[in-house]
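S.K.: sequence-free structure coming up:
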């Protein structure tokens with residue numbers, strides 16, 4: 001009886017080790033399948049949002065009267081970084097918790113995922129989420145995005161591989177924003193000062209640290225390097 005019990009304990013131990021190795025190397029297959037299904041649904045909804053939000057409203061220039069020389073075109077002025085703060089604010093106000101809001105791409109770690117609005121338990125199971133107390137990309141304030149590191153697709157499983165200068169691309173209905181990683185740090189799980197905006201555009205990615213635990217948070221900071229504005233948009237009524 002004792003030998004059988006010992007054998008059972010060994011088998012269970014080996015099973016736990018095998019499962020841990022599977023999750024560490026290839027992610028949890030069950031929760032990953034759920035997130036993959038949700039991501040397909042979110043992507044379809046986001047595409048619809050892009051089309052409905054991106055309103056093309058052009059007014060043709062009036063033709064000059066007969067016998068009137070056309071006005072010379074003004075000399076183009078040097079381009080300035082696009083200012084999309086109004087569009088970003090309107091977009092934030094138009095979204096509810098759980099809505100898909102953007103596409104996030106990080107070439108360094110091979111990430112290409114839909115970002116969801118909110119960071120509650122149910123929302124983060126569908127993908128990385130924007131903290132509702134932070135700004136929308138382009139508002140000129142802190143943008144805080146959290147994601148799982150071991151389960152539910154583990155979008156930020158390789159967050160510790162990001163280095164200064166790495167590109168982070170965010171695609172929104174009103175703009176395409178390229179961020180560049182500046183630094184990373186580890187904080188306690190109860191450190192709330194990380195949600196305080198420093199009065200400038202800054203993207204923060206957050207995941208649990210170390211993997212399989214939640215005692216600390218791994219943070220990656222990035223600043224905007226390029227903002228490409230799309231056609232003027234207006235918030236839906």
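M.R.: Arrived safely, thanks for sending. Quick caveat, the model's predicted, so the values are computed rather than measured.
S.K.: all strands for the chain, in order.
M.R.: Secondary structure of the chain (DSSP state E): strands at 100-106, 111-117, 129-130, 142-146, 167-171, 175-188, 202-209, 216-229.
S.K.: how about stretch 183-191: buried residues?
M.R.: Across stretch 183-191, burial judged by 16 or more other CB atoms under 10 Å covers residue 184. C-beta coordinates here come from the backbone N, C-alpha and C atoms, glycine included.
S.K.: now do it: distance to the chain's middle.
M.R.: 19 Å (CA atoms, centre = their mean, to the nearest Å).
S.K.: same check, this time on stretch 114-132
M.R.: Going by CA atoms, centre = their mean, where stretch 114-132 is centred and where its chain is centred differ by 9 Å.
S.K.: ok so, going back, tell me which of the strands of the chain lies nearest to residue 91.
M.R.: Closest to residue 91 of the strands of the chain, according to CB to CB: strand 100-106, at 7.6 Å.
S.K.: would you format the strands of the chain as CSV with mean pLDDT included?
M.R.: Converted to CSV, these look like this (pLDDT from 0 to 100):
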stretch, mean pLDDT
strand 100-106, 98
strand 111-117, 98
strand 129-130, 98
strand 142-146, 98
strand 167-171, 98
strand 175-188, 97
strand 202-209, 97
strand 216-229, 97
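S.K.: closest to residue 49 out of these?
M.R.: Judging the strands of the chain by CB to CB, what sits closest to residue 49 is strand 100-106, at 6.9 Å.
S.K.: and the closest one with strand 175-188, angle?
M.R.: Here strand 100-106 points in a direction 80 degrees away from that of strand 175-188 (axes from the mean of the first three to the mean of the last three CA atoms, to 10 degrees).
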